[in-house]
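# pasting a predicted model and its sequence here:
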Protein chains: 2
Amino acid sequence: MNAYHPLNEGEAIVIASDLDGFFPSGASLRCREIGDGNLNLVFHIIDDASGKSLIMKQALPYAKVVGESWPLSLDRARIESQKLMLDGKLVPELVPIVHRYDADLALTIMEDLSDHVIMRQGLMNGARYPHFADHISTYMARTLFFTSDLGCNQQEKKLAVGDYINPDLCKITEDLIFDDPYTVSSNNNIEAAIEDAAALLRSDGELQMEVAILRDKFLTKGEALLHGDLHTGSIFVTPDSTKVIDPEFAYYGPIGFDIGAIIANLLLNYVGQEHWSSEESVRAEYRGYLLNTVRDIWNGFQDKFTALWDEHGVDRLASTAPGYRDYYMTTLLRDAAGFAGCKMVRRIVGLAHVADIDGISDDVTRERCQRQALAIGTALIRGHRNISSIEQLIDSVTAPVA
Amino acid sequence: MNAYHPLNEGEAIVIASDLDGFFPSGASLRCREIGDGNLNLVFHIIDDASGKSLIMKQALPYAKVVGESWPLSLDRARIESQKLMLDGKLVPELVPIVHRYDADLALTIMEDLSDHVIMRQGLMNGARYPHFADHISTYMARTLFFTSDLGCNQQEKKLAVGDYINPDLCKITEDLIFDDPYTVSSNNNIEAAIEDAAALLRSDGELQMEVAILRDKFLTKGEALLHGDLHTGSIFVTPDSTKVIDPEFAYYGPIGFDIGAIIANLLLNYVGQEHWSSEESVRAEYRGYLLNTVRDIWNGFQDKFTALWDEHGVDRLASTAPGYRDYYMTTLLRDAAGFAGCKMVRRIVGLAHVADIDGISDDVTRERCQRQALAIGTALIRGHRNISSIEQLIDSVTAPVA
């Protein structure tokens, strides 16, 4: 059974039963495959009698989103489980527990989080997560600091870079985020109503130059071990708890990419509130909540990252050179702004969209939101190298846009 | 005989005799160990009868410069031979031919270049190398372009990054170039006469902030496969030929680091000409020759690198986004200027000096040259982020300095 093949539900139950001491012996398990099936199978295994449950995630050797024609290395399952286990040491309260990783089956057995909801859905429902900014800024500060040259042995970091080389998944990002939206590509997914706005992306040289700069950073700037796909669909929440999942895109890249991902997805929801909050006063208040969350995430990240730097900094010169820390943090904010812009744009014209926008049923509203998301995204890309405070970033969201 | 141990001359002869078809069978070989013995043994094997000869370079498991207490991975011999063989494909006329690499013995058998001289010595003798700027700019343009995300398959590059992870040798650079000169360190080697100038390096916060920025680039910016130690002691020359050797520091780093290394070493010789050219008119002319060489190297590099970009560029956006190439080349020049400054400073106050300066017998002249090298080096570091042309870089060399 240990040679790789996609498991069926019966096989998943057998494997779960074998997990030492988790389920009562002789438990009668049931299993349901609940993945969206794009890249992975996800089995939910439940013992009704004890109330215990598990998730088993198995990587598929292809991306289903474009048929079986986009082969993907199973090695990403190793990378994902390894990153989850590392996160388990750095931020144990913010990730699911990993019970076992089976390399042959590209299978990770982990904690069931079905008492949580996917954050994207929560935000579409108008829920608020008062601890989220604190949690996610802690997640980013600790996972990024302790894997960077600022917070770990710099020679061991080089070996870790080798462990997380992730060509297939990086290629997805390089194509879908940093290339396709700015050219004619069969990967794009553009609604006819906004074809004119999409055409502008393809002809705007100034914008493309900024995207090229950001693309180069994604390709070459190995600052820290990223989650690599930190959007609101990769985060499980309750009002009290935050759990970051699905780090299969992990690799050593620019820190701003993770920060930008979460900001972009909050801003896409911000835009979509034109639909999700039907009352105008509710909408304004919820949008204020979202922008405060963006602000609190950056400020929390900055406070925690710099506190770690003070307490655990390993780089003598980086810790003593006057002004360097401020320079470094401003660079991170600029990178985050630019990457956030790229991530907003790709969710409107690229292959993979988000429900915050695509779930808007009314054509006119959806079109307006798509245009607004593009306007904010392109403003962030264009301006990213001149941003020097989080307030400036937020201003570029609320400024009247074309 | 194949388990690792440092070879003696007799063993080296046996191995050389076994090299298929190189020496006539039954040849009577003689061997001399000619290494400076810091990091490697270097055997020169000669068959007087046929006139054929070879070099065999064997890595030692420690750096002798500080006794046997600085252990160094033998893996650097693999990295060096692999990089030499890659260079052999990209610029065959500019590197020695590698005949064989023996992993167990950390041994590379290669072409004997003893008809060439070490360039540093040649420059101290006042020789001119009219083709050198053309050769070395070709070397850098081709080796750096075709290993960057601009000139090779971007997914294969990621795997190559893993192949060239080189923690031990990078650590030497990180310590000796980007840390020690700016703090009190037992690794430093400072003549008493310039202790005041060295003390300034330790107290100059503005300078240290720029060094911290450059150090971060060395640690994180994996642009291309560097030589990693491209000084005039790593280059064999004749008036017609240039051969780059000793790439054991190779790793994926910032392109400007290689360019800066060669510029720094030409400028150290420029400074030292106060001693090496005793007549003032000869000195002025030779210094002009050296500055022209710096200019020709940058301009040649820029022309060739951008021509390769036009002809072989693989990155769609980098090739089409207007203005991006100019932005990229200016960034390379700035990086090169900053790294050149760091490399000049470390050769005056750090562990390893250069004969261009240390070989100056007169104490007063040597002190003046050391101060001038520090002045030029620190000016390059301080100004590197504002340099936008090679003329500006050259101006900062010739401007009157304290």
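That came through fine. All values derive from a computational prediction rather than experimental measurement. Residues are numbered from 1 along each chain as shown, chains lettered A, B, ... in the order given.

# which secondary structure elements does the helix or strand A:Val271 falls within contact?
Taking DSSP states H and E as the definition, A:Val271 sits inside helix A:255-276. The helices and strands touching helix A:255-276, judged by 3 or more Cβ pairs under 8 Å, 6 or more residues apart in numbering or on different chains; DSSP states H and E, are helix A:119-124, helix A:132-145, helix A:205-220, helix A:280-312, helix A:324-349, helix A:355-358, helix A:363-383, helix A:390-398. For the C-beta atoms, the positions are set from N, CA and C on the backbone; glycine is no exception.

# now with 7 Å, please.
helix A:132-145, helix A:280-312, helix A:324-349, helix A:355-358, helix A:363-383 (3 or more Cβ pairs under 7 Å, 6 or more residues apart in numbering or on different chains; DSSP states H and E).

# mind checking pLDDT for A:Met1?
pLDDT for A:Met1: 54.

# for A:Pro400, same thing?
61.

# likewise for A:Lys64?
For A:Lys64, pLDDT reads 67.

# again, but for A:Ser278
For A:Ser278, the predicted pLDDT is 85.

# pretty sure A:Thr147 contacts A:Glu223?
No: judged on Cβ atoms under 7 Å, A:Thr147 makes no contact with A:Glu223 at a distance of 8.8 Å.

# for the helices and strands packed on helix A:255-276, which one sits closest to chain B?
Across those, chain B has its closest neighbour in helix A:324-349 (4.3 Å, Cβ to the nearest Cβ).

# tell me, how many residues neighbour the nearest residue to A:Glu367 once chain neighbours are set aside?
Counting by Cβ to Cβ, 6 or more residues apart in numbering or on different chains, A:Glu367 lies nearest to A:Ala193, which is 4.4 Å off, once chain neighbours are set aside. Neighbours of A:Ala193 under the rule other Cβ atoms under 10 Å in any protein chain shown: 14.

# and the end-to-end length of stretch A:113-127?
18 Å (Cα to Cα, to the nearest Å).

# that one: how far from the chain's middle?
When distances are taken as Cα atoms, centre = their mean, to the nearest Å, stretch A:113-127 is centred 15 Å away from the chain's centroid.

# may I see the buried residues of that stretch?
A:Leu113, A:His116, A:Val117, A:Ile118, A:Met119, A:Arg120, A:Gly122, A:Leu123, A:Met124 (16 or more other Cβ atoms under 10 Å in any protein chain shown).

# CA atoms of the helix holding A:Val271 as PDB?
Only the C-alpha atoms of helix A:255-276 are listed here, as PDB (Å, rounded to 0.1, in the frame of the first residue of the first chain):
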ATOM      1  CA  ILE A 255       9.400  38.600   3.300                       C
ATOM      2  CA  GLY A 256       7.100  41.200   1.800                       C
ATOM      3  CA  PHE A 257       5.500  38.500  -0.300                       C
ATOM      4  CA  ASP A 258       3.700  36.900   2.700                       C
ATOM      5  CA  ILE A 259       2.700  40.300   4.200                       C
ATOM      6  CA  GLY A 260       1.500  41.500   0.800                       C
ATOM      7  CA  ALA A 261      -0.600  38.300   0.300                       C
ATOM      8  CA  ILE A 262      -2.600  38.800   3.500                       C
ATOM      9  CA  ILE A 263      -3.100  42.600   2.800                       C
ATOM     10  CA  ALA A 264      -4.200  41.900  -0.800                       C
ATOM     11  CA  ASN A 265      -6.900  39.500   0.300                       C
ATOM     12  CA  LEU A 266      -8.200  41.800   3.000                       C
ATOM     13  CA  LEU A 267      -8.400  44.500   0.400                       C
ATOM     14  CA  LEU A 268     -10.200  42.300  -2.100                       C
ATOM     15  CA  ASN A 269     -12.800  41.600   0.600                       C
ATOM     16  CA  TYR A 270     -12.900  45.400   1.300                       C
ATOM     17  CA  VAL A 271     -13.800  46.000  -2.300                       C
ATOM     18  CA  GLY A 272     -16.300  43.200  -2.400                       C
ATOM     19  CA  GLN A 273     -18.200  44.600   0.600                       C
ATOM     20  CA  GLU A 274     -20.100  46.700  -1.900                       C
ATOM     21  CA  HIS A 275     -22.000  43.500  -2.300                       C
ATOM     22  CA  TRP A 276     -21.500  41.600   1.000                       C
END
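
# just want the angle from it to helix A:205-220.
Angle, helix A:255-276 to helix A:205-220, by axes from the mean of the first three to the mean of the last three Cα atoms, to 10 degrees: 130 degrees.

# any idea how far A:Asn187 is from A:Leu351?
For A:Asn187, the distance to A:Leu351 equals 5 Å [Cβ to Cβ, to the nearest Å].

# overlap in contacts of those two?
The contact sets of A:Asn187 and A:Leu351 overlap at A:Leu176, A:Asp180 (Cβ atoms under 7 Å, 6 or more residues apart in numbering or on different chains).

# now the residue nearest to A:Glu367: how far from B:Arg283?
73 Å.

# tell me the domain boundaries of chain A?
A:9-111, A:117-398 (automatic domain parsing).

# mean pLDDT lowest where, among those domains?
Mean pLDDT, when computed for each of the domains of chain A, is lowest for domain A:9-111, at a mean of 92.

# near chain B, which residues of the stretch 251-400 of chain A show up?
A:Arg316, A:Leu317, A:Ala318, A:Ala321, A:Pro322, A:Gly323, A:Tyr324, A:Tyr327 (Cβ under 7 Å from any Cβ of the partner chain).

# between those residues, identify the one with the most neighbours.
A:Ala321 leads those on contacts (other Cβ under 10 Å) with 24 neighbours.

# how near is that residue to B:Ile177?
Per Cβ to Cβ, A:Ala321 is found 15 Å from B:Ile177.

# do A:Ile245 as well
42 Å.

# what do you get for A:Gln370?
A:Gln370 is 50 Å from B:Ile177, where distance means Cβ to Cβ.

# try A:Glu391
Distance from A:Glu391 to B:Ile177, by Cβ to Cβ: 39 Å.

# so how many other residues sit close to the closest residue to A:Ala264 other than its chain neighbours?
Excluding the flanking residues, the one nearest A:Ala264 by Cβ to Cβ, 6+ apart is A:Lys343, at 3.6 Å. Counted with other Cβ under 10 Å, residues neighbouring A:Lys343 total 27.

# more neighbours: which of A:Glu391 and B:Ile177?
B:Ile177 (24 against 11).

# OK, contacts around that one?
Taking Cβ under 7 Å, 6+ apart, one finds B:Cys342, B:Lys343, B:Arg346, B:Gly350 in contact with B:Ile177.

# ok, the residue nearest the centre of chain A - contacts?
In chain A, the C-alpha nearest the mean C-alpha coordinate belongs to A:Leu230, at 1.2 Å (Cα atoms, centre = their mean). The neighbours of A:Leu230, taking Cβ under 7 Å, 6+ apart as the test, are A:Asp258, A:Ala261, A:Ile262.

# and it, its phi and psi?
The phi and psi values for A:Leu230, taken as degrees, to the nearest 10, are phi -90, psi 60.
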